[in-house]
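**Q** Here's a sequence, model it:
(chains A and B)
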Amino acid sequence: MFNKEQQIIETKIKEFCAANDIPLAELKWQPIPFSGEWGFATSFFQTAANEARAGRGGKPVPQRAQEMAEQVKAQIGSVDGISRIDAVKGYLNLYFSTAMYASRVINEVLSLNADFGRGTKKNERVMVEYANLNTHHSFHIGHARNTILGEALARLAEFAGYETIRASYPGDLGLSVITTMWVYDKLYKGQEPKGVHERGQWLAKIYVEATALLEKKDNETPEETAKREGYEAGRREMYRKWDEGDEYVRGLWRMTREWSLEELRDVLRMLDVKMDVWFYESEVDEPSKVIVDELIERNIATDERPQGGAVIVKIDEKLGLTKEKYRTNVLLRSDGTTLYLTKDLALAKMKFEQYQVDRSIYVVDVRQSLHLQQAFAILKLWGFPQAEKCHHLGYGFVSLPEGAMSSRRGHVVLFKDVADEAVRRVLAVESEKSGDVPESEREKIANQIGLGALVYSMLSVDNNKDIVFDINEALSFDGRTGPYIQNAYVRANSILKKSKVESQKSDLGPSTFDYDLTKHEIELIELISRFPQTVEQAANEYRPLVMAAYAYDLANAFHSFYHAVNVLQTEDEKTRNSRLQLVMAAKQTIENALRLLDIQAPEVM
RNA sequence: GCCUCUAUAGCUUAACGGAUAAAGCAACGGUCUUCUAAACCGUCGAUCUAGGUUCGAUUCCUAGUAGAGGCACCA
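**A** Okay, here's the model as predicted:
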């Protein structure tokens, strides 16, 4: 936002260094810490170190850096828009002319509104794949982290200027799916609980029952063993029938699969996630077998079936690596059936060829890291140029205080239960704190706030950190939380409503910021001005955390400002108008930041 | 055995190789006749160990310690 001034000064620094034969290092700019005033800074340590390395130092680096900063300061003289330049501890600090920058920032926000911070259009199509859960299970809190992370990432990429496609890849086949169908058919045929979530969760419940029935126990009696083996035979028989396309089994599969998918779609609706593309494991199964043939033919894969083995890829060997890295993996079982890896190859081919994606982001649990690296390596051997641009966004998994979650044993915390509890807790607080909220709106706003708390708690932890899920922490409404940020938005909104100007910029006179701004105002404006670069950073680094941290800082600056400066009671009309516009800009920026985090901004709370 | 990830305040987490390591929770103390106190202000308190690279290391490298995860016919 301050590129022009930065350019002018960079040019002057470069001229100075060229004239004095100083080996200038790359110029890196950062905000000046220790607030109060607003500006940007660069240091000369690297340049002084370069000089010393070239044998022309003589002085300690920090001292020389300070000397350079002072010389550069003298050289720059005065620059339009810069109120003051300091050389301190090897840094060159440039302070802004507050009025000029403040009005520039605020005007930019108020002219772009929802587009403030949007990056320039990039010529790249990105696909983000997430919410890949298995059907016949239920959506638990670990899936919630995955989905929230993926959605935030998609929103960030899109806003940063990339053409973005959201994709989900549910696992709708395999042994666990058959297991659920088997127990349904055996014990519950014809039953169907009412309610989309109840029905989906019920499938997950009977799956737990099925695994218990099929599990070998210690000290089984011969009768129990026989019974269990009978069950196992029944399950295998069902798998065989599914495989050969038996109409009854396929019908059962389509029905129960749809129950799970309906539940998934409703969870996505709750989280305001709109998928562009649905891939299903069952749809890539057949195509993946064709790929294996091609890979064998091209000598990438090795067919050991004639020797009673499987079809494998010796990835390290084919890549010419001497140290083991990707190792060897199997593409087809000895019986000719596909594996997860096989299907991932077919999926990638589809993404590249049908959807023409340039870059593919896989939001998948870190435990599948090796698997995905293997898949990408095979894509490279296969000759896809996009293989280099496949990126696994591995994130730490979510566990419970008592240990890992397990769908098999039913040790899970369901997302729906947590979301419902969140709404209950907000409603309980609302009755005492939210007199302004009309009765008819309470439920909706409680949803926004409850989910806001949950979503923020997932995004305010960096990707590679595991989360031990504690419902009281996740649903906390105090401190560094979603509701804290939402509350800042509500407060800004409240000022504007009472000011009667609403959001019409034209209602106000010119905002010149031509008065002594408090440090709270300066900090707030500075934070607003950093939003565009924060979008870019968060998107480039695949880290919603960066945006989550920013949103908190912005809200924090607003709360402090709100407390310290009474906008509506400001006497001087021009000052009051400037402050009102600052409030509008803050409101808009908080709204934009929340949107990227997949958190809604309620008007009242 | 090999490979990845993690280690910061009592707890949960931040910090492009740079200035005084930043927050929240908890604890303690203040602030509502004021644009809604779901807020603000203050106090207390931390870089796993040992080396190395660097002008400068929480950040990079090596080793160790502790924890988590992954390593061919599961997904």
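
**Q** so where is the stretch 501-605 of chain A shaky, pLDDT-wise?
**A** For the stretch 501-605 of chain A, the stretches flagged by pLDDT under 70 are A:501-510.

**Q** All the helices of it, residue numbers only.
**A** A:519-529, A:531-540, A:544-564, A:573-596 (DSSP state H, counting those that start in this stretch).

**Q** closest to A:Asp243 out of these?
**A** helix A:544-564 (40.6 Å; CB to CB). Any C-beta I mention is one placed from the backbone N, CA and C, and that applies to glycine too.

**Q** Centre of the chain to that closest one, how far?
**A** 19 Å (CA atoms, centre = their mean, to the nearest Å).

**Q** mind saving the C-alpha coords of it as PDB?
**A** C-alpha atoms of helix A:544-564 as PDB (Å, rounded to 0.1, in the frame of the first residue of the first chain):
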ATOM      1  CA  PRO A 544      -4.800 -20.000   8.000                       C
ATOM      2  CA  LEU A 545      -3.100 -19.500  11.300                       C
ATOM      3  CA  VAL A 546      -1.500 -16.300   9.900                       C
ATOM      4  CA  MET A 547      -4.900 -14.900   9.200                       C
ATOM      5  CA  ALA A 548      -6.400 -16.100  12.500                       C
ATOM      6  CA  ALA A 549      -3.600 -14.400  14.400                       C
ATOM      7  CA  TYR A 550      -4.100 -11.200  12.400                       C
ATOM      8  CA  ALA A 551      -7.800 -11.200  12.900                       C
ATOM      9  CA  TYR A 552      -7.300 -11.300  16.600                       C
ATOM     10  CA  ASP A 553      -4.700  -8.500  16.600                       C
ATOM     11  CA  LEU A 554      -7.100  -6.400  14.500                       C
ATOM     12  CA  ALA A 555     -10.000  -7.000  16.900                       C
ATOM     13  CA  ASN A 556      -7.700  -6.300  19.800                       C
ATOM     14  CA  ALA A 557      -6.700  -3.000  18.400                       C
ATOM     15  CA  PHE A 558     -10.300  -2.100  17.800                       C
ATOM     16  CA  HIS A 559     -11.400  -3.000  21.300                       C
ATOM     17  CA  SER A 560      -8.600  -0.900  22.700                       C
ATOM     18  CA  PHE A 561      -9.600   2.000  20.500                       C
ATOM     19  CA  TYR A 562     -13.200   1.600  21.300                       C
ATOM     20  CA  HIS A 563     -12.400   1.800  25.000                       C
ATOM     21  CA  ALA A 564     -10.100   4.800  24.700                       C
END
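
**Q** Redo the helices of the stretch 501-605 of chain A as a markdown table? Include mean neighbour count and distance to RNA strand B.
**A** Below are those laid out as a markdown table (neighbours: other CB atoms under 10 Å; distance: least, CB to the nearest atom of the strand, whole Å):
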| stretch | mean neighbour count | distance to RNA strand B |
| --- | --- | --- |
| helix A:519-529 | 22 | 8 |
| helix A:531-540 | 20 | 8 |
| helix A:544-564 | 21 | 4 |
| helix A:573-596 | 23 | 8 |
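
**Q** who wins for proximity to A:Glu15 among those?
**A** Comparing the helices of the stretch 501-605 of chain A by CB to CB, helix A:531-540 comes nearest, at 26.4 Å.

**Q** Check which helices and strands the closest one is in contact with.
**A** helix A:141-159, helix A:544-564, helix A:573-596 (3 or more CB pairs under 8 Å, 6 or more residues apart in numbering; DSSP states H and E).

**Q** could you dump those to a markdown table with distance to A:Gly200?
**A** Shown next, in a markdown table, are the helices and strands packed on helix A:531-540 (distance: least, CB to CB, whole Å):
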| stretch | distance to A:Gly200 |
| --- | --- |
| helix A:141-159 | 12 |
| helix A:544-564 | 27 |
| helix A:573-596 | 28 |
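
**Q** What segments of chain A are strands?
**A** With DSSP state E as the criterion, chain A has strands at A:30-31, A:39-43, A:82-88, A:91-96, A:125-129, A:163-168, A:277-278, A:302-303, A:311-314, A:328-332, A:359-365, A:390-395, A:398-399, A:467-468.

**Q** could you pull out the helices for the stretch 301-450 of chain A?
**A** A:315-319, A:340-353, A:369-382, A:415-433, A:439-459.
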